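Novice: Here's a sequence, model it:
(chains A and B)
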Amino acid sequence: MELPGLISFAVFFLTLAGIYGVFSLGLNVQWGYSGQFNLGIAAFWAVGSYTAAILTTAPGGGHLGGFGLPFVVGLAAAVLLSALLAVLIGVVTVNLRTDYLAIGTIGIAEIVRLVLKNEAWLTNGVRGIAGIPRPFADLPGDLPALIYLAIVALAVLVVFVAIERLYRAPWGRVQRALRENEPATQAAGKNVLRFRLEAFVLGAAVMGLGGALYAHFIAFISPEAFDPLITTFVVWVMLIAGGSGNNRGALLGAFVIWGIWSGTGFLTDLLPIEIQTRAGSVRILLIGALLQIILLSRPEGLIPEAGPPTPDDGESTDNSR
Amino acid sequence: MIDILQLLIFGIVLGGIIALGAVGVSLLFGILRFAHFAHGDMMTLGAYLAFAFVAGLGWPLLAAFPLAVLLTVGVAVLIDQVLYRRLRRKAPVILLFSSFGVALMLRAIIELVWGPDTVVYDSAIQLPWRIAGLRIKPDHVTIVIGAIVLVTALHLFLQRTRTGKAMRAMADEPDLAQVTGINTERVVIWTWIIGSALAAAAGIFLALDTRLVPLLGWNLLLPVFAAAILGGIGRPYGAIFGGLVIGISTEMSTLAIAPVYKPAVAFTIILIMLIWRPTGLLRGR
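Specialist: Residues are numbered from 1 along each chain as shown, chains lettered A, B, ... in the order given. So this is what the prediction gives:
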């Protein structure tokens, strides 16, 4: 089964948009729900990707493993390890306010990058890990790509439904209360540090899942692929553009910004050849300018977070008290 | 023993450069209440502007220096007036994120104009002086003298001028400063001028010591933040002290750990400080 070029591109586009959507949803739990400013997205992305890669590749790649384990095992381990890293980091940083948390998390992303680059026994260093298998790769033609798109779509759906439920649950209400007014929430008897840590770890686990999905899709990862700034920045712009606090917005932002990012690829192809090699810089410049315009004119995003739930949302018993 | 002294010299050179960056970060954090993430790329911009005059026009670095500093100041004030001034009324976190975007945009512009490859001011190899077994590069002397001159000028500005005193007051007690009738917009602009001028100088010194790459300043951002936190936010003198501590401990760390992990030293110090004494060693905010 061979798909025409345009559809084939659409599958490629949608798969990556979906993977970015997973990251955007993960960040939404941390920032949108809980107000924690994580600038170290790339760290969780990398941990997820490398965990999946090391566990599922065939042995003898020059790095630890590979263990040739099934796709699903790699996925689960990526989520767990990313969550574990988040617990270790969170125990230290959970108490920090916004600016310090930003500095702290960006430092962690740097350290993760240093480790990936320098501990060759673990990660094969700058040469990276190649041959990360995609599930059902033996099937003919474009079928594996279609199946992978379905897997990514399923992952997006599961994450979306799960955290959307949490948003409406008491847990989500406490998170929003914390975000808006920490002293009052504390006065209401909530364990502030525990709730903050839970949101941080949950968001990181979702990012670990995204990292694993990315590794299997791209099939090759290296420390250069995780320029901590650019990956982190793009995911942040997606969430802010879509509307932080709103999961639909987070997903929409991922699709729109990824669309613009891909679209600028066509645009930069039209540029003179000597500038084309610097197309990446042009893209960042455009996305950066777009971000500033959003911050200036519509900081609440395309789909802003809805106000408190009305009695129609089935929460009338809570609100009538 | 000679090894330790040698590392101490490297540490003082690096520490002086970090200190120049940290003063701006500390003052901006104290006055505008946000961590300025584009500070590292301001340094890079200053370094490359100087490179444009040195390589493009054949000027000596000493002549390129003031003009590059002036142009960087112009860019910083322009960004403040176009972007940050409008965002200041919103939450400080929006300023922080905006500056993160500015950092990437500055880096993208630098890569577009000057390319991603490594360049240097002067490709001639500088022979170090050998004094009692120590190796000292003439550039190192230039950097340390330059840093001392700039810090002295900063000291005179903060102590002797009305604007300087107002700046210290605002960084120390913003609310109190405001009710005493300080022209806050004026102080904010002067904070950008001082901060970006010192950042540009730090960038040029760093490029003189190493080489020019688009990541030049970004790589120094964490040490600069570490110095500002160590010295206490809003305390320019603390930032200078913090810069020296970070610079010296970063170089000294190679006695104990692999040099590839040198960048982790500043970060470790940040974490220890934030947990143990978030107000800084010198009791800032």
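
Novice: Only C-alpha atoms from now on, for both contacts and neighbour counts.
Specialist: Noted.

Novice: where does the closest residue to chain A within the stretch 101-250 of chain B land in three-state SS?
Specialist: Closest residue of the stretch 101-250 of chain B to chain A, C-alpha to the nearest C-alpha: B:A108 (4.5 Å). Following DSSP: H, G, I helix; E, B strand; the rest coil, we place B:A108 in the helix state.

Novice: That one is in contact with A:I284, isn't it?
Specialist: Yes. Using C-alpha atoms under 8 Å, B:A108 is in contact with A:I284, at 6.5 Å.

Novice: Do a quick rundown of the strands in the chain.
Specialist: If you meant another chain, say so; for now it's chain A. In chain A, no strands are defined using DSSP state E.

Novice: that's the wrong chain, I meant chain B
Specialist: Using DSSP E, strands in chain B cover B:129-131, B:134-136.

Novice: from the ones you listed, which stretch is densest packed?
Specialist: Highest mean neighbour count among the strands of chain B (mean count of other C-alpha atoms under 10 Å in any protein chain shown): strand B:134-136, with a mean of 15.

Novice: Parallel or antiparallel, which strands does it pair with?
Specialist: Strand B:134-136 has its sheet partners listed here by DSSP bridges as strand B:129-131 (antiparallel).

Novice: Roughly how far does B:A52 sit from B:L67?
Specialist: 11 Å (C-alpha to C-alpha, to the nearest Å).

Novice: Is there a neighbour count for the closest residue to A:P70 other than its chain neighbours? I'd like the number.
Specialist: Counting by C-alpha to C-alpha, 6 or more residues apart in numbering or on different chains, A:P70 lies nearest to A:T56, which is 6.1 Å off, once chain neighbours are set aside. Other residues lying near A:T56 total 25 when counted by other C-alpha atoms under 10 Å in any protein chain shown.

Novice: hang on, isn't A:T56 packed against A:I132?
Specialist: Yes. A:T56 sits in contact with A:I132 when judged by C-alpha under 8 Å, with a separation of 6.8 Å.

Novice: what's the closest non-adjacent residue to the residue of the stretch 151-300 of chain A found nearest chain B?
Specialist: The nearest approach of the stretch 151-300 of chain A to chain B comes at A:S281, 4.5 Å away (C-alpha to the nearest C-alpha). For A:S281, ignoring the flanking residues on the chain, the nearest one in space by C-alpha to C-alpha, 6+ apart is B:A108 at 4.5 Å.

Novice: Now do the same contact list for that neighbour.
Specialist: Neighbouring residues of B:A108 by C-alpha atoms under 8 Å, 6 or more residues apart in numbering or on different chains: A:S281, A:V282, A:I284, A:L285.

Novice: The last one contacts B:I109, correct?
Specialist: Pointing back at A:L285 there. Yes. Counting by C-alpha under 8 Å, B:I109 is a contact partner of A:L285 at 7.3 Å.

Novice: Among the strands of chain B, which comes closest to B:L71?
Specialist: strand B:134-136 (31.3 Å; C-alpha to C-alpha).

Novice: distance of the residue nearest to A:P70 from chain B?
Specialist: With distances taken as C-alpha to the nearest C-alpha, to the nearest Å, A:T56 is found 29 Å from chain B.

Novice: got the residues of the stretch 151-300 of chain A near chain B?
Specialist: Residues of the stretch 151-300 of chain A lying close to chain B (C-alpha under 8 Å from any C-alpha of the partner chain) are A:229, A:233, A:275, A:278, A:281-282, A:284-285, A:288-289, A:291-292, A:295-296.

Novice: how about a cut-off of 7 Å?
Specialist: Within reach of chain B by C-alpha under 7 Å from any C-alpha of the partner chain, the stretch 151-300 of chain A has these residues: A:R278, A:S281, A:V282, A:I284, A:L285, A:G288, A:Q292, A:L296.

Novice: Show me the two of the residues you listed that sit farthest apart.
Specialist: Greatest spacing in these, by C-alpha to C-alpha: A:R278 and A:L296 (27.6 Å).

Novice: how many neighbours does A:V152 have?
Specialist: Per other C-alpha under 10 Å, the neighbour tally for A:V152 reads 24.

Novice: Now do it against B:R211, distance only.
Specialist: A:V152 is 43 Å from B:R211, by C-alpha to C-alpha.

Novice: Low-confidence stretches in chain B?
Specialist: B:278-285 (pLDDT under 70).

Novice: what's the answer for the stretch 151-300 of chain A, then?
Specialist: In the predicted model of the stretch 151-300 of chain A, residues A:226, A:274-277 satisfy pLDDT under 70.

Novice: which stretches of it form helices?
Specialist: Here the stretch 151-300 of chain A has its helices, by DSSP state H, counting those that start in this stretch, at A:170-180, A:182-187, A:192-218, A:228-242, A:247-269, A:273-276, A:279-297.

Novice: now those as TSV including mean neighbour count?
Specialist: What follows is the helices of the stretch 151-300 of chain A, written out as TSV (neighbours: other C-alpha atoms under 10 Å in any protein chain shown):
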stretch	mean neighbour count
helix A:170-180	18
helix A:182-187	14
helix A:192-218	25
helix A:228-242	25
helix A:247-269	20
helix A:273-276	13
helix A:279-297	20
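
Novice: B:V151: which of those is closest?
Specialist: helix A:228-242 (31.4 Å).

Novice: other SSEs contacting that closest one?
Specialist: The elements that helix A:228-242 packs onto, with contact taken as 3 or more C-alpha pairs under 7 Å, 6 or more residues apart in numbering or on different chains; DSSP states H and E, are helix A:5-27, helix A:41-56, helix A:247-269.
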